[in-house]
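Enquirer: Predicted structure and sequence below. I'll ask about it afterward.
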Amino acid sequence: MRIAIPTNGGGRNDTVAPVFARAPAFYIADVDENGNMISEKVIQNTGAMAGGGAGPMAVQTLINEGVEAIIAPQVGPNALGTIQAAGIKLYQVAAGTPVEEAIKAVVSGSIGQFTAPVPPTPTTPTAPAPAYGPYPATPAYPAYPAYGYGPGWGRGRGFGRGMGGGRGWGARLGYCPWTGMPNRRNWFARFFGWW
């Protein structure tokens, strides 16, 4: 099994780095079933100085090296997704653990494989939030819009330029609720006999 460990400087006598993606180097060792090291090498981490995406970049470097397992104290969410997509086993040890101890712990089976936490499923269904926000279904208008919709755009009967002063046909009350004056419709009906 080929195992990769993020280290502070590299080498068998080094310790495990506290971070995975920003570790300066990776120690890669080929280990047989008995825990004997067949071969070893140290590679520089290409993602250590990356501005963004250091986790997937570091995992891609290890994929290119043919790594089957990673031993690290913690792994970010982007790197974890890449590790799981590649099918690489992930083992978790404390930062500062000697590299040889970490490899022996994995081979002997004293530490288990890391699995990502599963988010809890809701037990009770929740009502969906309205898509339009916390506003009423219909806008609040005055109870008696006797003056129409205001000046302009033809709604106030003033040729769209405020010429009517906002006094439209209103709510057909026959009078203005604010001033008590009769509206134009009643005045026309009185003289012309319609409406």
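Expert: Alright, I've got the coordinates. Since the structure is predicted, the reported quantities are computational estimates derived from the model, not experimental observations. Numbers count the residues shown, from 1 in each chain.
Enquirer: From now on I want contacts and neighbour counts done on CA atoms only, so please keep to that.
Expert: Noted.
Enquirer: which sections of this protein are below the confidence cut-off?
Expert: Where the chain drops to pLDDT under 70, the residues are 115-178, 182-195.
Enquirer: all strands for it, in order.
Expert: Secondary structure of the chain by DSSP state E: the strands cover 2-7, 25-31, 37-44, 69-72, 89-92.
Enquirer: Just name the most buried of those.
Expert: Per residue and on average, the most neighbours among the strands of the chain fall to strand 2-7, with a mean of 26 (mean count of other C-alpha atoms under 10 Å).
Enquirer: just to revisit the earlier point, a markdown table for the strands of the chain, including distance to residue 180?
Expert: Below are these laid out as a markdown table (distance: least, C-alpha to C-alpha, whole Å):
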| stretch | distance to residue 180 |
| --- | --- |
| strand 2-7 | 86 |
| strand 25-31 | 88 |
| strand 37-44 | 88 |
| strand 69-72 | 83 |
| strand 89-92 | 83 |
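Enquirer: For residue 17, which of these is the nearest?
Expert: strand 2-7 (4.6 Å; C-alpha to C-alpha).
Enquirer: List of residues touching the closest one?
Expert: Strand 2-7 is contacted from outside by 14-17, 19-20, 23-31, 62, 66-72, 99, 103, using C-alpha atoms under 8 Å, 6 or more residues apart in numbering.
Enquirer: Show me the helices in the protein, by range?
Expert: Using DSSP state H, the helices of the chain run over 54-64, 77-86, 99-108, 184-192.
Enquirer: Mean neighbour count, the ones you listed: which tops it?
Expert: Ranked by mean neighbour count under mean count of other C-alpha under 10 Å, the helices of the chain are led by helix 54-64, which reaches a mean of 20.
Enquirer: what domains does the record give for the protein?
Expert: The chain breaks down into these domains under automatic domain parsing: 2-108, 142-195.
Enquirer: Please name the residues that touch residue 96.
Expert: With C-alpha under 8 Å, 6+ apart, residue 96 has these contacts: 15, 16, 17, 18.
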